[in-house]
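Enquirer: give the three-dimensional model of this entry:
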Amino acid sequence: MNSEQAITSMAQSAQKAGRVLASIPTSKKNHALRRMAQALVRHQDYLTAENKKDLAGAQSQNYSKALIDRLTLTEKIINEMKNCLSDTAKLKDPVGQVMESFKRPNGLWIQKIRVPLGVVAIIYESRPNVTSDAIGLCLKSGNAAILKGGREALYSNQAVFKILRDELSKTEIPIDAIQLLPSDDRRAFGFLLKLDKYVDVVIPRGGEELIHFVAENTRIPVIKHYQGICHTYVSEHADLNMAHKICMNAKVQKPGVCNAMETMLIHKDAALRFLPVIVEDMQKAGVEIRGCPLTRKIVKKAIKAASEKDWDTEYLDLILSVKVVDRLEEAIDHINTHGSHHSDCIVTEDKKEAKQFLQSVDSACLYVNASTRFTDGHQFGFGAEIGISTDKLHARGPMALNELTTYKYLVFGKGQIRS
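Expert: Down below sits the predicted model:
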């Protein structure tokens with residue numbers, strides 16, 4: 001069997017398994033998820049040993065510190081993976097949920113109910129924990145999953161998948177409901193994108209290059225997880241102590257993630273008091289500052305000049321662009337022009353100003369007086385997440401169980417015919 005035949009067979013078997021999975025009771029899905037959660041912990045030594053192979057390869061290729069951080073499976077991360085599966089089992093099952101129901105004048109009773117999407121192909125980079133998160137969410141929402149991880153996480157992804165598939169084989173869920181494409185076979189991935197007869201949706205989770213490639217090379221609907229060029233705007237009406245804590249957290253706590261702050265905007269009337277202090281503390285934390293001309297003038301120390309390219313860059317690193325603005329409208333325009341419609345924040349005590357920001361900024365998640373680092377399925381109480389959608393259709397923001405469903409209409413009658 002050649003590669004294209006193998007991928008077609010994989011997609012066909014996923015489709016068949018997905019049709020079975022769609023009608024499996026919630027209790028049986030939850031049982032499988034709990035078993036898989038415990039299996040990850042039992043096989044922790046195997047997981048870390050395989051992960052070390054990937055880390056050695058990453059270090060030999062001089063990968064960035066941020067990428068290596070995303071790639072690493074520590075005991076804490078493995079325990080979080082286990083908790084995500086366990087928590088997903090506790091969540092309400094969306095499948096079969098009645099979204100609305102109504103009766104027509106002719107007596108027809110109509111229900112709109114949630115149903116699985118079908119076969120979900122998920123392409124992702126760097127993070128081995130996505131393998132277990134995606135499998136858990138897809139199984140709970142009744143979807144078959146075809147996964148394609150990055151080659152940098154080849155051994156880790158294979159190990160996670162083997163553990164979960166072996167455990168799934170001991171349950172009543174068909175094992176073909178989860179599939180893993182070879183990480184080092186780009187042609188297989190390209191061919192999968194042609195199988196719109198069997199695959200219902202593709203979710204690319206990674207760099208901009210990957211997402212553009214997927215969107216341009218498939219007829220399958222794509223839910224995109226674009227860059228996280230996130231902003232925090234510090235208003236002249238801000239509590240500057242609060243603003244300091246929020247900005248430090250948004251940039252420094254975990255810089256290599258999509259919900260980290262990449263650009264800090266400051267109103268000119270707050271800049272003289274706020275900028276010297278925040279820049280000094282950012283630099284102490286290892287952050288490289290790239291500032292606009294007024295930022296560099298106010299700070300009065302050697303910092304790099306921000307270029308036009310910087311405003312459009314997702315660093316995923318300890319680098320921060322800083323700009324002083326004259327008014328709220330300028331901050332909003334900057335965010336809408338240069339942002340990625342992911343997550344943006346205003347720090348202000350002025351309710352009118354906050355309302356204008358919330359109404360005018362076109363992003364999936366908007367914050368008033370809180371760090372953008374909360375854009376996360378778990379933090380929103382959704383359990384794990386497939387990713388953060390920056391699209392407007394079919395899902396936006398953290399993609400969890402509900403976003404992995406669509407709906408259909410059930411129409412009940414008593415012999416009605418249309419005249």
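
Enquirer: pretty sure Asp196 is in a strand, no?
Expert: No: going by DSSP: H, G, I helix; E, B strand; the rest coil, the assignment for Asp196 is coil, not a strand.

Enquirer: my read: it touches Asn217, true?
Expert: No: if you go by Cβ atoms under 8 Å, Asp196 and Asn217 don't touch, sitting 11.7 Å apart. For every residue, glycine as well, the C-beta is placed using N, CA and C.

Enquirer: from one end of stretch 227-243 to the other, what's the distance?
Expert: End-to-end distance for stretch 227-243, by Cα to Cα, to the nearest Å: 24 Å.

Enquirer: now that stretch: buried residues?
Expert: 227-238, 243 (16 or more other Cβ atoms under 10 Å).

Enquirer: between those, which sits nearest Lys309?
Expert: Ile229 (11.8 Å; Cβ to Cβ).

Enquirer: from what I see, that closest one and Tyr315 are in contact.
Expert: No: Ile229 is not in contact with Tyr315 according to Cβ under 8 Å; the separation is 9.1 Å.

Enquirer: need the residues touching each of these two.
Expert: Glu262 (Cβ atoms under 8 Å, 6 or more residues apart in numbering).

Enquirer: show the pLDDT at Leu108.
Expert: In this prediction, Leu108 carries a pLDDT score of 98.

Enquirer: meant to ask about Arg186, not that
Expert: For Arg186, the predicted pLDDT is 73.

Enquirer: can you count the residues close to it?
Expert: 13 (other Cβ atoms under 10 Å).

Enquirer: which residues touch the helix or strand hosting Ala11?
Expert: Ala11 belongs to helix 3-21 when assigned by DSSP states H and E. With contact meaning Cβ under 8 Å, 6+ apart, helix 3-21 is reached by 1, 29, 116, 118-119, 139, 142-146, 173-177, 179, 181, 185, 187-188, 191-192, 195, 198-199.

Enquirer: out of the residues you listed, which are buried?
Expert: So, by 16+ other Cβ under 10 Å, the buried ones in the contacts of helix 3-21 are 29, 116, 118-119, 139, 142-146, 173-177, 179, 181, 188, 191-192, 195, 198-199.

Enquirer: surely Val222 and Val214 touch.
Expert: Yes: counting by Cβ under 8 Å, Val222 sits close enough to Val214 to count as a contact (5.8 Å).

Enquirer: picking up where we left off before, in helices, which of the contacts of helix 3-21 fall?
Expert: Judged by DSSP state H, the contacts of helix 3-21 include Lys29, Leu139, Arg187, Ala188, Phe191, Leu192 as members of helices.

Enquirer: please parse the chain into its domains.
Expert: The record assigns the chain these domain ranges, following automatic domain parsing: 3-224+391-412, 230-374.

Enquirer: can I get those domains in CSV with distance to Ala384?
Expert: Below are the domains of the chain laid out as CSV (distance: least, Cβ to Cβ, whole Å):
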stretch, distance to Ala384
domain 3-224+391-412, 4
domain 230-374, 15
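
Enquirer: out of those, the one nearest Phe380 is which?
Expert: So among these, domain 3-224+391-412 is nearest, using Cβ to Cβ, at 5.3 Å.

Enquirer: got the end-to-end distance for that closest one?
Expert: The first residue of domain 3-224+391-412 is 46 Å away from its last residue (Cα to Cα).

Enquirer: do stretch 363-378 as well
Expert: Using Cα to Cα, the span of stretch 363-378 from its first residue to its last is 19 Å.
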